[in-house]
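Engineer: below is the sequence, then the predicted model.
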Amino acid sequence: MSHRLSHDDIESLLTPINSFLQCRTPEAWLERAKQPESLPVLLRDHMVCELKAAQSAMLLIRRYAVDEDSGNALLAWLKPYEDFTYRMVGDWRDLAQHNRLNKRMVPKSDRPYSQELIDKMVLLIKEELHHFYQVLEIAQQLGIDYDKLTSSRYARGLLTHVRTYEPAALIDKLICGAYIEARSCERFAAIAPYVDERLGQFYVSLLRSEARHYQDYLTLAQQFSDEDISDRVNFFGAIERDLILQPDTDFKFHSGLPV
Ligand SMILES: [Fe+2]
Ligand SMILES: [Fe+2]
(Lines give C-alpha, C1' and ligand atoms only; values in the text may rest on other atoms or scores of the structure.)
(Ligands and ions follow the chains in the order given, each with its own letter.)
Protein backbone atom coordinates (compact mmCIF):
# COMPACT_ATOMS: atom_id res chain seq x y z
CA MET A 1 0.00 0.00 0.00
CA SER A 2 1.59 3.27 -0.99
CA HIS A 3 -0.95 5.89 -0.02
CA ARG A 4 0.64 9.30 0.24
CA LEU A 5 1.20 10.29 3.85
CA SER A 6 0.59 13.87 4.90
CA HIS A 7 3.12 15.77 6.96
CA ASP A 8 0.91 15.22 10.03
CA ASP A 9 0.66 11.47 9.36
CA ILE A 10 4.43 11.27 9.19
CA GLU A 11 4.85 13.25 12.39
CA SER A 12 2.40 11.07 14.30
CA LEU A 13 4.15 7.89 13.10
CA LEU A 14 7.58 9.23 14.04
CA THR A 15 6.81 10.75 17.43
CA PRO A 16 6.66 7.44 19.37
CA ILE A 17 9.62 6.10 17.40
CA ASN A 18 11.80 9.09 18.18
CA SER A 19 11.02 8.84 21.85
CA PHE A 20 11.70 5.08 21.83
CA LEU A 21 15.11 5.49 20.16
CA GLN A 22 17.84 6.97 22.35
CA CYS A 23 19.40 9.06 19.58
CA ARG A 24 18.67 10.41 16.11
CA THR A 25 20.64 9.49 13.03
CA PRO A 26 23.78 11.67 13.11
CA GLU A 27 24.20 14.39 10.49
CA ALA A 28 27.46 12.77 9.32
CA TRP A 29 25.63 9.56 8.37
CA LEU A 30 23.07 11.57 6.41
CA GLU A 31 25.83 13.48 4.62
CA ARG A 32 27.38 10.21 3.55
CA ALA A 33 24.02 8.70 2.56
CA LYS A 34 23.20 11.72 0.38
CA GLN A 35 26.23 11.16 -1.85
CA PRO A 36 25.24 9.51 -5.15
CA GLU A 37 28.02 6.92 -4.78
CA SER A 38 26.35 5.67 -1.59
CA LEU A 39 23.15 4.74 -3.41
CA PRO A 40 24.09 1.23 -4.64
CA VAL A 41 25.18 0.06 -1.21
CA LEU A 42 22.13 1.63 0.44
CA LEU A 43 19.74 -0.12 -1.94
CA ARG A 44 21.49 -3.49 -1.86
CA ASP A 45 21.75 -3.44 1.90
CA HIS A 46 18.13 -2.33 2.24
CA MET A 47 17.04 -5.25 0.08
CA VAL A 48 18.96 -7.74 2.20
CA CYS A 49 17.57 -6.13 5.38
CA GLU A 50 14.03 -6.72 4.15
CA LEU A 51 14.83 -10.39 3.60
CA LYS A 52 16.52 -10.64 6.99
CA ALA A 53 13.48 -9.08 8.64
CA ALA A 54 11.31 -11.77 7.01
CA GLN A 55 13.79 -14.50 7.99
CA SER A 56 14.04 -13.52 11.63
CA ALA A 57 10.24 -13.36 11.93
CA MET A 58 10.07 -16.79 10.31
CA LEU A 59 12.68 -18.18 12.70
CA LEU A 60 10.72 -16.84 15.66
CA ILE A 61 7.49 -18.57 14.72
CA ARG A 62 9.25 -21.78 13.67
CA ARG A 63 11.13 -21.92 16.96
CA TYR A 64 8.39 -20.80 19.30
CA ALA A 65 4.98 -21.17 17.80
CA VAL A 66 4.18 -23.59 14.97
CA ASP A 67 4.24 -27.32 14.28
CA GLU A 68 6.76 -28.93 11.92
CA ASP A 69 4.60 -28.96 8.78
CA SER A 70 3.84 -25.29 9.25
CA GLY A 71 7.55 -24.65 9.73
CA ASN A 72 8.30 -26.39 6.43
CA ALA A 73 5.69 -24.29 4.63
CA LEU A 74 7.39 -21.18 6.01
CA LEU A 75 10.78 -22.36 4.75
CA ALA A 76 9.33 -22.99 1.29
CA TRP A 77 7.77 -19.52 1.25
CA LEU A 78 11.11 -17.78 1.74
CA LYS A 79 13.28 -20.13 -0.32
CA PRO A 80 13.01 -18.36 -3.73
CA TYR A 81 13.96 -15.05 -2.05
CA GLU A 82 16.95 -16.67 -0.32
CA ASP A 83 18.01 -18.39 -3.55
CA PHE A 84 18.02 -15.07 -5.34
CA THR A 85 19.83 -13.20 -2.57
CA TYR A 86 22.47 -15.69 -1.48
CA ARG A 87 22.88 -17.90 -4.54
CA MET A 88 21.99 -15.43 -7.31
CA VAL A 89 19.51 -18.03 -8.61
CA GLY A 90 16.29 -17.06 -10.41
CA ASP A 91 14.86 -13.93 -12.00
CA TRP A 92 13.80 -11.26 -9.51
CA ARG A 93 10.68 -10.50 -11.58
CA ASP A 94 9.29 -13.92 -10.72
CA LEU A 95 9.51 -13.27 -7.00
CA ALA A 96 6.27 -11.31 -6.69
CA GLN A 97 4.25 -14.41 -7.50
CA HIS A 98 5.98 -16.39 -4.73
CA ASN A 99 4.77 -14.13 -1.96
CA ARG A 100 2.08 -16.34 -0.54
CA LEU A 101 1.75 -18.84 2.23
CA ASN A 102 -0.46 -21.70 1.12
CA LYS A 103 -0.81 -23.48 4.41
CA ARG A 104 -2.69 -22.53 7.54
CA MET A 105 -0.27 -22.19 10.44
CA VAL A 106 -0.92 -24.72 13.24
CA PRO A 107 0.28 -23.72 16.71
CA LYS A 108 2.40 -26.38 18.39
CA SER A 109 1.11 -25.58 21.84
CA ASP A 110 -1.64 -23.63 23.50
CA ARG A 111 0.89 -21.32 25.04
CA PRO A 112 -0.75 -17.94 25.54
CA TYR A 113 -0.07 -15.44 22.75
CA SER A 114 1.23 -18.10 20.32
CA GLN A 115 -1.57 -17.31 17.90
CA GLU A 116 -0.93 -13.61 18.19
CA LEU A 117 2.78 -14.15 17.53
CA ILE A 118 1.92 -16.23 14.46
CA ASP A 119 -0.60 -13.74 13.08
CA LYS A 120 1.62 -10.71 13.55
CA MET A 121 4.72 -12.42 12.18
CA VAL A 122 2.99 -13.92 9.12
CA LEU A 123 1.69 -10.47 8.18
CA LEU A 124 5.12 -9.00 8.83
CA ILE A 125 6.85 -11.60 6.60
CA LYS A 126 4.38 -10.90 3.80
CA GLU A 127 5.04 -7.17 4.06
CA GLU A 128 8.83 -7.53 4.26
CA LEU A 129 8.88 -9.77 1.16
CA HIS A 130 6.76 -7.20 -0.62
CA HIS A 131 9.22 -4.48 0.41
CA PHE A 132 12.06 -6.71 -0.80
CA TYR A 133 10.44 -6.87 -4.22
CA GLN A 134 9.76 -3.14 -4.22
CA VAL A 135 13.44 -2.41 -3.50
CA LEU A 136 14.41 -4.56 -6.49
CA GLU A 137 11.89 -2.73 -8.66
CA ILE A 138 13.16 0.71 -7.74
CA ALA A 139 16.81 -0.40 -8.00
CA GLN A 140 16.02 -1.55 -11.53
CA GLN A 141 14.49 1.84 -12.35
CA LEU A 142 17.60 3.55 -11.01
CA GLY A 143 19.89 1.27 -12.98
CA ILE A 144 21.39 -0.50 -9.96
CA ASP A 145 21.87 -4.26 -10.20
CA TYR A 146 21.82 -6.50 -7.21
CA ASP A 147 25.21 -7.65 -6.03
CA LYS A 148 26.18 -9.48 -2.87
CA LEU A 149 27.55 -7.54 0.03
CA THR A 150 28.76 -8.19 3.56
CA SER A 151 26.39 -7.61 6.45
CA SER A 152 26.85 -4.70 8.80
CA ARG A 153 27.69 -4.98 12.49
CA TYR A 154 24.31 -3.59 13.56
CA ALA A 155 21.92 -6.55 14.01
CA ARG A 156 24.69 -8.80 15.26
CA GLY A 157 25.72 -6.07 17.71
CA LEU A 158 22.25 -6.14 19.23
CA LEU A 159 21.55 -9.88 19.10
CA THR A 160 24.81 -10.80 20.79
CA HIS A 161 23.25 -9.50 24.03
CA VAL A 162 20.20 -11.78 23.85
CA ARG A 163 19.99 -13.92 26.99
CA THR A 164 20.36 -17.66 26.48
CA TYR A 165 17.46 -19.00 28.56
CA GLU A 166 13.72 -18.87 27.97
CA PRO A 167 11.52 -16.94 27.96
CA ALA A 168 14.22 -14.25 28.32
CA ALA A 169 15.72 -15.14 24.93
CA LEU A 170 12.38 -14.71 23.17
CA ILE A 171 11.68 -11.43 24.95
CA ASP A 172 15.13 -10.06 24.06
CA LYS A 173 14.81 -11.09 20.40
CA LEU A 174 11.47 -9.30 20.22
CA ILE A 175 12.95 -6.15 21.78
CA CYS A 176 15.83 -6.27 19.26
CA GLY A 177 13.25 -6.61 16.50
CA ALA A 178 11.50 -3.50 17.80
CA TYR A 179 14.76 -1.50 17.72
CA ILE A 180 15.70 -2.61 14.21
CA GLU A 181 12.24 -1.69 12.90
CA ALA A 182 12.19 1.63 14.74
CA ARG A 183 15.66 2.65 13.52
CA SER A 184 14.77 1.69 9.95
CA CYS A 185 11.68 3.85 10.18
CA GLU A 186 13.65 6.80 11.57
CA ARG A 187 16.30 6.48 8.85
CA PHE A 188 13.84 6.16 5.97
CA ALA A 189 12.18 9.39 7.10
CA ALA A 190 15.54 11.12 7.62
CA ILE A 191 17.00 10.37 4.17
CA ALA A 192 13.79 10.52 2.12
CA PRO A 193 14.13 14.25 1.31
CA TYR A 194 17.70 13.85 -0.01
CA VAL A 195 17.43 10.99 -2.49
CA ASP A 196 15.85 10.52 -5.93
CA GLU A 197 12.20 11.59 -5.66
CA ARG A 198 10.74 8.14 -6.47
CA LEU A 199 13.03 6.54 -3.94
CA GLY A 200 12.12 9.18 -1.35
CA GLN A 201 8.42 8.48 -1.91
CA PHE A 202 9.07 4.78 -1.55
CA TYR A 203 10.88 5.33 1.76
CA VAL A 204 7.97 7.38 3.05
CA SER A 205 5.51 4.69 1.93
CA LEU A 206 7.36 2.21 4.18
CA LEU A 207 6.93 4.25 7.35
CA ARG A 208 3.47 3.04 8.26
CA SER A 209 4.23 -0.68 8.14
CA GLU A 210 7.66 -0.38 9.77
CA ALA A 211 6.13 1.70 12.58
CA ARG A 212 3.52 -1.02 13.12
CA HIS A 213 6.21 -3.73 13.09
CA TYR A 214 8.10 -1.87 15.82
CA GLN A 215 4.92 -1.64 17.90
CA ASP A 216 4.00 -5.31 17.31
CA TYR A 217 7.43 -6.51 18.46
CA LEU A 218 7.26 -4.39 21.58
CA THR A 219 3.72 -5.50 22.45
CA LEU A 220 4.66 -9.16 22.00
CA ALA A 221 7.79 -8.74 24.14
CA GLN A 222 5.71 -7.41 27.02
CA GLN A 223 3.07 -10.14 26.59
CA PHE A 224 5.64 -12.92 26.89
CA SER A 225 7.15 -11.39 30.02
CA ASP A 226 5.84 -11.67 33.57
CA GLU A 227 7.69 -8.52 34.53
CA ASP A 228 7.75 -5.01 33.19
CA ILE A 229 10.25 -4.99 30.31
CA SER A 230 11.26 -1.29 30.58
CA ASP A 231 14.71 -2.05 32.00
CA ARG A 232 15.45 -4.50 29.23
CA VAL A 233 14.16 -2.05 26.63
CA ASN A 234 16.48 0.64 28.02
CA PHE A 235 19.38 -1.82 28.07
CA PHE A 236 18.98 -2.59 24.36
CA GLY A 237 18.24 1.06 23.65
CA ALA A 238 21.68 2.04 24.97
CA ILE A 239 23.42 -0.66 22.91
CA GLU A 240 21.51 0.44 19.84
CA ARG A 241 22.43 4.10 20.43
CA ASP A 242 26.11 3.17 20.69
CA LEU A 243 25.96 1.21 17.42
CA ILE A 244 24.53 4.31 15.75
CA LEU A 245 26.83 6.90 17.35
CA GLN A 246 30.16 5.08 17.48
CA PRO A 247 32.58 5.25 14.54
CA ASP A 248 31.99 2.65 11.86
CA THR A 249 34.23 2.08 8.84
CA ASP A 250 31.61 0.04 6.97
CA PHE A 251 28.90 2.33 5.53
CA LYS A 252 25.55 0.53 5.38
CA PHE A 253 21.87 1.29 5.98
CA HIS A 254 22.22 0.74 9.76
CA SER A 255 25.85 1.77 10.15
CA GLY A 256 27.30 4.04 12.82
CA LEU A 257 29.21 7.29 12.49
CA PRO A 258 31.07 7.24 9.14
CA VAL A 259 34.84 7.53 9.36
FE1 LIG B 1 10.26 -3.72 5.58
FE1 LIG C 1 9.58 -4.13 9.06
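Structural biologist: Great, that's in hand. Ligands and ions are numbered 1, 2, ... in the order given.
Engineer: for Val89, see how far away whichever residue of the stretch 51-200 of the chain sits closest to ligand 1 is.
Structural biologist: Nearest residue of the stretch 51-200 of the chain to ligand 1: His131, at 3.8 Å (Cβ to the ion). The C-beta positions use only the backbone N, C-alpha and C, and glycine is treated the same way. Distance check for His131 against Val89: by Cβ to Cβ, to the nearest Å, it reads 21 Å.
Engineer: cool, and Asp172?
Structural biologist: For Asp172, the distance to Val89 (Cβ to Cβ) stands at 34 Å.
Engineer: now do the helix or strand containing the residue of the stretch 51-200 of the chain closest to ligand 1: which elements does it pack against?
Structural biologist: In the assignment (DSSP states H and E), His131 maps to helix 114-141. Judged by 3 or more Cβ pairs under 8 Å, 6 or more residues apart in numbering; DSSP states H and E, helix 114-141 is in contact with helix 39-64, helix 68-87, helix 197-223.
Engineer: at 10 Å instead, please
Structural biologist: helix 39-64, helix 68-87, helix 168-191, helix 197-223 (3 or more Cβ pairs under 10 Å, 6 or more residues apart in numbering; DSSP states H and E).
Engineer: show me what secondary structure element comes after the last one.
Structural biologist: Pointing back at helix 197-223 there. Assigned by DSSP H and E, the successor of helix 197-223 is helix 230-245.
Engineer: which strands and helices lie in contact with the helix or strand following that next one?
Structural biologist: Where DSSP H and E defines the elements, the next helix or strand beyond helix 230-245 is strand 247-248. Under the contact definition 3+ Cβ pairs under 10 Å, 6+ apart, strand 247-248 sits against strand 257-258.
Engineer: looking at His131 and Val89, which one has more neighbours?
Structural biologist: Each of His131 and Val89 has its neighbours counted (other Cβ atoms under 10 Å); His131 has more, 23 against 11.
Engineer: check contacts around the more buried one.
Structural biologist: Neighbour list for His131: 46-47, 49-51, 53-54, 184, 202, 205-206, 209-210 [criterion: Cβ atoms under 10 Å, 6 or more residues apart in numbering].
Engineer: what's the answer for Gln22, then?
Structural biologist: Contacts of Gln22 by Cβ under 10 Å, 6+ apart are 179, 234, 236-242, 244-245.
Engineer: which ones are touching the closest residue to Met58 other than its chain neighbours?
Structural biologist: Distances taken as Cβ to Cβ, 6 or more residues apart in numbering place Leu74 nearest to Met58, at 4.9 Å, with adjacent residues excluded. The contact partners of Leu74, by Cβ under 10 Å, 6+ apart, come to 54-55, 57-59, 61-62, 66, 101, 103, 105, 121-122, 125.
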